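**Student:** Here's a sequence, model it:
(chains A and B)
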Amino acid sequence: MGIVIFDGLAYGMLLFLIGVGLSITLGLMNFVNLAHGAFAMVGGYAAALTMVHWQFPFPAALLAGFIAGALTGACLERLFFCRLYRSHPLDHVLLSIGIVFVFVSGATWIFGPTMQAFTPPTWLRGQTRLFGLDVGTYRLFLIIVGACVLALLLLLINKTRFGAMIRASVDNQRVANALGVKVERLFFLTFSLGCGLAGLGGALGLGMLGLDPTFPLKYMIYFLIVVCVGGAGTIMGPFVAAMLVGIVDIAGKYYIPQTGAFLIYVFMIVILLVRPRGLIPKRG
Amino acid sequence: MKLTISPRQLLLIEVLFWIIIAATYFIFPDRLVLITQILIAGLFAVSLDIALGYAGILTVGHAAFFGAGAYLAGLLAKYGWGEPFSALGLALIVCGVLGYLLSYLVVKGAELTRLMITIGICVMLYELANRFSSVTGGADGLQGVVIDPLFGLFEFDLWGKVGFIYTLSIVLLVFLGVRLMLKSPFGLALKGIHDNPRRMRAIGSPVDARLRTAYCFSAAIAGVAGALLAQNTQFVGLEMIGFNRSAEILIVLILGGTGRLYGGIIGAILYMCVHEFFADLNPQFWMFWLGIFLIVIVMVGRGGVLGGLARIVRIKETR
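**Tutor:** Take a look at the predicted model:
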């Protein structure tokens, strides 16, 4: 029981890292982005390359994942997304499906259709004894990184000037703009940051989710569930949702494996029925 | 200078369009299987158009109903009920009821919630079909589907002759039904809701109820399309129900043009012909160009083939 919750939390942390950027961009710009998993995939491949090909240590690979995700996100934002903020959601869906298709086929082309091989560094292998439980060291590391990122994000959003501008823009974009907040530049920065976090999540996910070119399609629904269930536009919403989704999914796979991913979809639909705007909806 | 055509000429073009499609039976007798598939995809796209183009319900999970119809027809035929017409009728009713029940979930939410619920239901049904492999065949697909001869006389042949005539008649029939529905007061109400739901509410139109009915219609027709495909190929696979199929049919509809009666069918003709032309290529290559196409179409403005035509041709209004 304890180990299931622990693994669920580790899994949830990954979902949170990847999903939180999506939540902010969605809350900030109302942009329905189905391509968010693609940035995580880019981060994952960048990390795998730096580790396997150039023999860099694991933390450098994580950094590479973050930078690759953020750069890709920044480029695509300038090229495509920024032109479509005021368009119909159908345009968002079409554009992001197009981007997913290009990334999936591009990754297959470059890296081949197989799963990326990944061996965690020695200090993350094996198990650690924690509160009378033998837990995987890698998963413990995931939880620690996730908690650190959560703390940093909360500080950034709640304590800094930048965070205040983001909160103002989420609440009311037009008024924020009128008060002199450069909303467009803010969009760009938050989008890149969100994509960077997704890249970090993809890099960390190498040891738990695995990585192959279909990654953006395979996990797309999970990131969307996290954002939808949590409520777009907040940090805590996706965090709580990611933990719940992680635990429910791992518990489902552990206790009733024959249902597969079925349980998690039922979970999402039930939550959306009870709370159509998510567990922790944004104000306004 | 816009080309102006009268409604009567438009009707003539419509009749001509269907005659040409029927004539392909003689023009391309060795491509009947492909043309049948085009017709089915066209019907599926038309069903999506009712929900997306007319009612304005953002959905990327319409393959749920297509797949449900296909599995229903396939399972019926596998377990002894091979009569095709009644199976189609049953698919229509079951998918319609399914759509109506789900419409309560879909209509009530905001745009993102709608999108999530439609995708969620689609992947949920996929997972269901995948898990109950003892019934559905799982990843191997449903095999052993045998369809009885039409009216007990005409057996489905290998060249798809009977299949083509059967599919064409059903598609035409359903299409005429859709055409009638969209020209009815109900169709006009949908158009009004699509353009401005607030004003429609203000003039007393029950917006949510109209949307629910439209979603139900759309689901029922998608079910018929799925059942038709299952009967023609005598096989049902998991790919008929997944997210990719939903995205694909969305692309077909966008290609033809949303909110226009013939958008789905024109899109299906183009998409399937291009797909057939590039069939020998690596599927990754196909996916890559499909993605590029989607990005381009969003950047230059969607509207599809019929949207482009509407810029050149004007239909004279009747008073």
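
**Student:** Residue A:231 and residue A:281 touch, don't they?
**Tutor:** Yes: Residue A:231 is in contact with residue A:281 according to CB atoms under 8 Å; the separation is 4.3 Å. Any C-beta I mention is one placed from the backbone N, CA and C, and that applies to glycine too.

**Student:** Below-threshold pLDDT in chain B: ranges please.
**Tutor:** B:1-2, B:109, B:158, B:302-303, B:316-319 (pLDDT under 70).

**Student:** All the helices of chain A, in order from the start?
**Tutor:** A:2-29, A:36-52, A:58-79, A:89-111, A:137-159, A:161-171, A:173-178, A:183-205, A:215-230, A:236-255, A:262-274 (DSSP state H).

**Student:** which residues does the closest residue to residue B:138 other than its chain neighbours contact?
**Tutor:** Leaving out its chain neighbours, the residue that sits closest to residue B:138 by CB to CB, 6 or more residues apart in numbering or on different chains is residue B:130, at 5.8 Å. When contacts are counted by CB atoms under 8 Å, 6 or more residues apart in numbering or on different chains, residue B:130 touches A:260, B:136, B:138-139, B:238.

**Student:** Nearest to the spatial middle of chain B, which residue is it?
**Tutor:** A centroid search over chain B (CA atoms, centre = their mean) returns residue B:44, at 1.0 Å, as the residue closest to the centre.

**Student:** show me the residues around it that make contact.
**Tutor:** Going by CB under 8 Å, 6+ apart, residue B:44 touches B:62, B:66, B:222, B:225-226, B:249, B:252, B:264, B:268.

**Student:** Can you pull the residues of the stretch 1-150 of chain A lying near chain B?
**Tutor:** The stretch 1-150 of chain A has residues A:26, A:32, A:34, A:80, A:83-84, A:87, A:89-91, A:93-95, A:97-106, A:108-109 near chain B, with proximity defined as CB under 8 Å from any CB of the partner chain.

**Student:** Going through the residues you listed, which ones are buried?
**Tutor:** Neighbour-count burial (16 or more other CB atoms under 10 Å in any protein chain shown) applied to those gives A:26, A:32, A:34, A:80, A:84, A:89-91, A:93-95, A:97-106, A:108.

**Student:** The residue in the stretch 51-200 of chain B that chain A sits nearest to is in what secondary structure piece?
**Tutor:** Among the residues of the stretch 51-200 of chain B, residue B:124 lies closest to chain A, at 4.1 Å counting by CB to the nearest CB. Here residue B:124, judged by DSSP states H and E, is contained in helix B:111-131.

**Student:** Next, the angle from that helix to helix A:2-29.
**Tutor:** 140 degrees (axes from the mean of the first three to the mean of the last three CA atoms, to 10 degrees).

**Student:** So which residues of chain B form helices?
**Tutor:** With DSSP H, the ranges of helices along chain B come out as B:7-27, B:32-49, B:63-78, B:84-108, B:111-131, B:133-136, B:161-183, B:185-195, B:197-202, B:207-233, B:243-256, B:263-277, B:283-300, B:304-312.

**Student:** so which of the ones you listed gets nearest residue A:144?
**Tutor:** Residue A:144 sits nearest to helix B:111-131 of all the helices of chain B, at 30.7 Å, using CB to CB.

**Student:** got the angle between the closest one and helix A:262-274?
**Tutor:** Orientation check (the same axes, to 10 degrees): helix B:111-131 against helix A:262-274 gives 150 degrees.

**Student:** now the angle from helix B:111-131 to helix B:243-256?
**Tutor:** Using the same axes, to 10 degrees: helix B:111-131 against helix B:243-256 is 130 degrees.

**Student:** Identify the residues contacting residue B:253.
**Tutor:** So residue B:253 contacts B:45, B:48-49, B:52-53, B:263-264, B:267, B:304 (CB under 8 Å, 6+ apart).

**Student:** nearest to residue B:199, of the helices of chain A?
**Tutor:** Nearest to residue B:199 among the helices of chain A is helix A:89-111 (20.5 Å), distances taken as CB to CB.

**Student:** Summarise which helices and strands the closest one is packed against.
**Tutor:** Contact here means 3 or more CB pairs under 8 Å, 6 or more residues apart in numbering or on different chains; DSSP states H and E; on that basis helix A:89-111 packs against helix A:36-52, helix A:215-230, helix B:111-131, helix B:243-256, helix B:283-300.

**Student:** Among those helices, show me which one is buried the most.
**Tutor:** Of all the helices and strands packed on helix A:89-111, helix A:36-52 carries the top mean neighbour count, a mean of 27, counting by mean count of other CB atoms under 10 Å in any protein chain shown.

**Student:** name the helices or strands packed onto that helix?
**Tutor:** helix A:2-29, helix A:58-79, helix A:89-111, helix A:183-205, helix A:215-230.

**Student:** Under the pLDDT cut-off, which ranges of chain A? List them.
**Tutor:** Low-confidence segments of chain A (pLDDT under 70): A:282-284.

**Student:** and residue A:224, what is it in contact with?
**Tutor:** Remark: with contacts taken as CB under 8 Å, 6+ apart, residue A:224 is in contact with A:22, A:34, B:116, B:119.

**Student:** residues touching the spatially closest residue to the third one that is not a sequence neighbour, list them.
**Tutor:** Sequence neighbours aside, residue A:228 is the residue nearest to residue B:116 in space, at 4.6 Å (criterion: CB to CB, 6+ apart). For residue A:228, the contact set (CB under 8 Å, 6+ apart) comprises A:241, A:268, A:272, A:278, B:112-113, B:116.
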